[in-house]
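Trainee: coordinates only, no sequence provided:
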């Protein structure tokens, strides 16, 4: 039985985005909060990015200006690898069943990360499309932003251009550099269609990977932490290097392996894999390896 109603599924495919409450059990949400709070405390002892992921890059990404007094841990790469609590939610949250309703029944995990905007930090995300970082043979792929904290209009909510998932894949390259962002001219004419996605802790924002989106800095005194996991239809195959490779990448989380591949037509430029900890450096222009 589907967990999403037909109306909700229709809305997702019309808008490219859908916010659903109660995507995770309260006790599991509390565990995610506790683990992230521990990571923030640990970050106070570091002055630069630290830890190590499968491809040798740092796991914990610090916002410029981070200090022991004012920690600014903005991303944790592949948290499922180092936290049983995050791995459990990745596999078992209602989020996974929502995705199965939309692109199932056979579903794989692509990658995960925690993005956080602690109070007063300058972290912002420029407008981009996720698929431009992770081309596959088909785009039945959903980015799931689980609200670990309440997301308000003031603490840097996700902003989306509704319906843009039906349009073209825009270039994220500028002057020979992969910036991880589209040109401002792409967004300006359509600002009336921008929606800010807010909701209580425990809600999830389901977003089609072709949807244009970004977010502003956190101007409030409350944190805005998201656990972001991406799932894809089992019959899709990667066409470029995974930007966040993990020991759990491509794990079958629902259904069964079909032994088939499905291809849909599209045309796009291949992305550049970040050399620094995360794509934030690409958007900031500080990633020197393009």
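Mentor: Perfect, thanks for sending it. This one's a predicted model, so the numbers in the text were calculated from it and none came from an experiment.
Trainee: from now on I want contacts and neighbour counts done on CA atoms only, so please keep to that.
Mentor: Fine.
Trainee: ramachandran coordinates for residue 14?
Mentor: phi -80, psi -50 (degrees, to the nearest 10).
Trainee: for it, which non-adjacent residue is closest in space?
Mentor: The spatial neighbour of residue 14 that comes closest, neighbours along the chain excluded (Cα to Cα, 6 or more residues apart in numbering), is residue 163 at 6.3 Å.
Trainee: and stretch 47-66, what's buried?
Mentor: Going by neighbour count (16 or more other Cα atoms under 10 Å), the buried part of stretch 47-66 is 49, 53, 57, 58, 59, 60, 61, 62, 63, 66.
Trainee: likewise for stretch 82-89?
Mentor: For stretch 82-89, using 16+ other Cα under 10 Å, the buried residues are 85, 86, 87, 89.
Trainee: format these as TSV; extra columns: pLDDT and secondary structure.
Mentor: Listed next are those as TSV, based on pLDDT from 0 to 100; DSSP: H, G, I helix; E, B strand; the rest coil:
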residue	pLDDT	secondary structure
85	98	helix
86	98	helix
87	98	helix
89	98	helix
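Trainee: circling back: put together CSV for the buried residues of stretch 47-66, with pLDDT and distance to residue 4 on each row.
Mentor: Formatted as CSV, the buried residues of stretch 47-66 follow (pLDDT from 0 to 100; distance: Cα to Cα, whole Å):
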residue, pLDDT, distance to residue 4
49, 96, 39
53, 94, 35
57, 93, 38
58, 95, 37
59, 97, 34
60, 97, 34
61, 95, 35
62, 94, 37
63, 90, 37
66, 93, 41
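Trainee: could those go into TSV alongside secondary structure?
Mentor: Listed next are the buried residues of stretch 47-66 as TSV, based on DSSP: H, G, I helix; E, B strand; the rest coil:
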residue	secondary structure
49	coil
53	coil
57	coil
58	coil
59	coil
60	strand
61	strand
62	strand
63	coil
66	coil
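Trainee: which residues touch residue 130?
Mentor: Going by Cα atoms under 8 Å, 6 or more residues apart in numbering, residue 130 touches 143, 209, 210, 211.
Trainee: would you list every one of the helices in the stretch 101-250 of the chain?
Mentor: Remark: helices assigned in the stretch 101-250 of the chain by DSSP state H, counting those that start in this stretch are 184-187.
Trainee: mind listing the strands for it?
Mentor: Secondary structure of the stretch 101-250 of the chain, counting by DSSP state E, counting those that start in this stretch: strands at 107-117, 125-128, 141-147, 158-161, 173-174, 177-178, 194-197, 204-208, 213-215, 224-233.
Trainee: mean confidence score for the longest one?
Mentor: Translated: strand 107-117. Average pLDDT, strand 107-117: 96.
Trainee: helices or strands next to it in the packing?
Mentor: Identification of packing neighbours for strand 107-117 by 3 or more Cα pairs under 8 Å, 6 or more residues apart in numbering; DSSP states H and E yields strand 73-77, strand 224-233, strand 252-254.
Trainee: swap in the third one?
Mentor: Judged by 3+ Cα pairs under 8 Å, 6+ apart, the packing partners of strand 141-147 are helix 94-103, strand 204-208, strand 224-233.
Trainee: try 10 Å
Mentor: Judged by 3 or more Cα pairs under 10 Å, 6 or more residues apart in numbering; DSSP states H and E, the packing partners of strand 141-147 are strand 17-20, helix 94-103, strand 107-117, strand 204-208, strand 224-233.
Trainee: quick one: low-confidence ranges for this structure?
Mentor: 276-290 (pLDDT under 70).
Trainee: ok, residue 103 - contacts?
Mentor: 97, 139, 140, 141, 142, 231, 232, 233, 234 (Cα atoms under 10 Å, 6 or more residues apart in numbering).
Trainee: can you check residue 165 too?
Mentor: 13, 14, 15, 16, 17, 129, 207, 208, 209, 210, 211, 212.
Trainee: so the residue nearest to residue 14 touches residue 17, yeah?
Mentor: Yes: here residue 163 reaches residue 17: they are 8.5 Å apart, a contact under Cα atoms under 10 Å.
Trainee: picking up where we left off before, just the contacts of residue 103 now: which is nearest residue 263?
Mentor: Checking the contacts of residue 103 against residue 263 by Cα to Cα gives residue 139 as the nearest, at 8.9 Å.
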